[in-house]
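Visitor: model this:
(2 chains)
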Amino acid sequence: MDYKNLAELLFPHITKTPEEYEAAFPQRDLPEGAKVTRLGPSPTGFIHLGNLYSAFVDERLAHQSGGTFYLRIEDTDDKRYVEGAVEIIINSLRFFGINFDEGATMEGDMGAYGDYTQSNRGPIYQCFAKGLVAEGKAYPCFLTADEINAIREEQEANKQTPGIYGKYAVSRNLTMEEIEAKLAEGIPYVIRLKSDGDMSLPEDQIRRVQVEDAIRGRLDFPANDQDTVILKATGIPTYHFAHVVDDHLMRTTHVVRGAEWLPSLPIHVELFEKLGWELPIYCHTAQLMKMDEETGNKRKLSKRHDPELSLDYYRNLGYHPAAVREYLLTILNSNFEEWRMANPDADIDEFQFTTEKMSTGGALFDLNKLNDISKDVLLKLSAAELFDFLKGWADEFKPELAHLFEDRKYLEKILDIGRHEAKPRKDHIYAQQMVENISYFFDDMFKMEDEFPAETAEDLPAILKAYLDSYDHADDQSGWFEKIRQITETMGYAVKPKDFKKNPDQFKGHVGHVSTAIRVALMGRQQSPDVWEIQQILGEERTRERISKFL
RNA sequence: GGCUCCAUGGUCAAGCGGUCAAGACACCGCCCUUUCACGGCGGUAACCCGGGUUCGAUUCCCGGUGGAGUCACCA
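Guide: Residues are numbered from 1 along each chain as shown, chains lettered A, B, ... in the order given. Next comes the predicted model:
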């Protein structure tokens, strides 16, 4: 068989040589140790938590080392390209603080290693596929879907590994004449890798491949023996081939991807070998898991079943991007939390991220933990930043809340309650929850959510009347509370809760009950920050109004 | 089923041959306190099993078991 002729027969339109591409995309001129990483999402426009998780690793690795992080659009499948997908991807990631140095952008490619959209790189893949064919390392395969199914059924019946390999790779043996004939007939075909692997050998003779994974350490598995498709009938490459060609030509140094790619690593290794290229450093990340309610077991998060996988889930609820970022980093690097405790105010980018500190097992997504982290993140924001964040969220998801933002000073004061004490309040977790928390500051959202305390039931009107009568908006906090004490005492309640606890028969209740009655009248709920502070923000008129309603 | 990965409390996790087996979240109790939140103190709770190697294994090796992933002209 004259492979050179075969290559020309198959790819007459490919005139460039692999060498030309090699020369066109030379080694990058980067400082020692600089890492080149990439994110390769499908253009469905759906960026999920897993993408974000992976993107963080890519971004940190590249930017921490003075390297390059680029965006490559992996659209080699037939799935429809969602309009504006690139924009969605870039914006989603930017929202979480991740920016690309190079790659696909809304205005087209940026960078010297493009094209960054795989569907535009057809000739490049075909050129290298042609090279492989010319060297007898790949071949055209004319098997139809039905024939492949028949082979699979036979293999399954014989309990053999399914696939096209060894003796099942019948197209390997086609003569030039047969190929020419099929071509002339217009029979569709794919290009398959001609694998050297042979699993039918005795076990100790099966070749094994070792790869040093930056996260997982030494990986060891049997060499690939599958004649994997590298070019589909359409001339478009499969992921495997596109990955190898692109990451080589784009001079990627570190390939960060999910553990679901581990099983196909031997294919990639063989491809790199056959092409005569150096292997990039692989970083196979752990998968984000979720507790399956039906089975009670951990399982990979799936976009079909798990809404919390969608980034929109967090944006809809109004989690602050910095909180999500902070949380992701705690599950990404086991020493991050420790570092954060030692450096509470440091910029998150000062943390030295390492692949060695990444865990290999799948982590369960923990909303509790996110909430806890979120409280601390939001505490560090100024009232103005909180306002802007909340407004940005409402503008996008809750336009009906626009009126909350009409009086900036007012809302800022509300959001800032109790945040500057020695032991600051941590009331804010995410936007939606914040709005619910502060709803009573707005008359149209005020609701009676809680009951008045039972202890004050009889005296309620009297208590509120006395409160209203003695109310002086100009009182300072201690002056204000002194008056509550007086009311408490004259109404037959204990001024000190301890006295009430000791002698419950002697009092109707204690100062806490009286305060709670006032709180409920004012806020419609039994729990809130300091009443005096709230009144100062509410203003005298509305304070009096709300109390009066119960008289 | 083959191959691969993984295995410390409910969750996330330190540990890398000798520890009373850290810490965080959650939970419970107490304290602080006019409620809640915050904060402080304390508590419940873990090395999957069986063999080796070793004076000594959570840690190293082997074998199970369990879980996960993957076996496409999808990525």
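Visitor: excluding chain neighbours, what is closest to the residue in the stretch 51-200 of chain A that RNA strand B sits nearest to?
Guide: Per C-beta to the nearest atom of the strand, residue A:77 is where the stretch 51-200 of chain A lies closest to RNA strand B, at 3.0 Å. Glycine gets a C-beta too; all of them are placed from N, C-alpha and C. Leaving aside its sequence neighbours, residue A:77 sits nearest to residue A:42 (C-beta to C-beta, 6 or more residues apart in numbering; 7.1 Å).
Visitor: alongside RNA strand B, which residues does the stretch 1-150 of chain A contribute?
Guide: Contact residues (C-beta under 7 Å from any atom of the strand) of the stretch 1-150 of chain A with RNA strand B: A:40, A:42, A:74, A:76-79, A:143-145, A:148.
Visitor: go on, the stretch 351-500 of chain A?
Guide: A:357, A:359-364, A:366, A:368-369, A:371-372, A:375, A:418, A:423-427, A:477, A:481, A:497.
Visitor: return the members of those classed as buried.
Guide: A:362, A:375, A:427, A:481 (16 or more other C-beta atoms under 10 Å).
Visitor: and these as a markdown table, adding distance to residue A:221 and pLDDT?
Guide: Listed next are these as a markdown table, based on distance: C-beta to C-beta, whole Å; pLDDT from 0 to 100:
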| residue | distance to residue A:221 | pLDDT |
| --- | --- | --- |
| A:362 | 20 | 73 |
| A:375 | 44 | 96 |
| A:427 | 52 | 95 |
| A:481 | 71 | 94 |
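Visitor: tally of neighbours for the residue of the stretch 51-200 of chain A closest to RNA strand B?
Guide: 16 (other C-beta atoms under 10 Å).
Visitor: quick one: it from residue A:537, how far?
Guide: Distance of residue A:77 to residue A:537, given as C-beta to C-beta, to the nearest Å: 56 Å.
Visitor: can you give me the strands for the stretch 301-450 of chain A?
Guide: A:363-364 (DSSP state E, counting those that start in this stretch).
Visitor: poorly predicted segments of it, please.
Guide: A:301-305, A:307-308 (pLDDT under 70).
Visitor: farthest pair in the residues of the stretch 1-150 of chain A next to RNA strand B?
Guide: Within these, A:40 and A:144 form the most distant pair, 30.7 Å apart (C-beta to C-beta).
Visitor: ok, the closest residue to residue A:137 other than its chain neighbours - contacts?
Guide: Nearest residue to residue A:137 in three dimensions, chain neighbours excluded: residue A:274, at 4.7 Å (C-beta to C-beta, 6+ apart). The neighbourhood of residue A:274, defined by C-beta atoms under 8 Å, 6 or more residues apart in numbering, consists of A:132, A:135, A:137-138, A:193.
Visitor: how about residue A:136, nearest residue that isn't a chain neighbour?
Guide: residue A:3 (4.4 Å).
Visitor: quick check, the helix or strand hosting residue A:269 touching RNA strand B?
Guide: Assigned by DSSP states H and E, residue A:269 belongs to helix A:265-275. No - judged by C-beta under 7 Å from any atom of the strand, helix A:265-275 makes no contact with RNA strand B; its nearest approach is 7.6 Å.
Visitor: what residues of that helix count as buried?
Guide: A:265-272, A:274-275.
Visitor: so can I have JSON lines of these showing pLDDT?
Guide: Output for the buried residues of helix A:265-275, formatted as JSON lines (pLDDT from 0 to 100):
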{"residue": "A:265", "pLDDT": "95"}
{"residue": "A:266", "pLDDT": "95"}
{"residue": "A:267", "pLDDT": "96"}
{"residue": "A:268", "pLDDT": "97"}
{"residue": "A:269", "pLDDT": "96"}
{"residue": "A:270", "pLDDT": "96"}
{"residue": "A:271", "pLDDT": "97"}
{"residue": "A:272", "pLDDT": "97"}
{"residue": "A:274", "pLDDT": "96"}
{"residue": "A:275", "pLDDT": "97"}
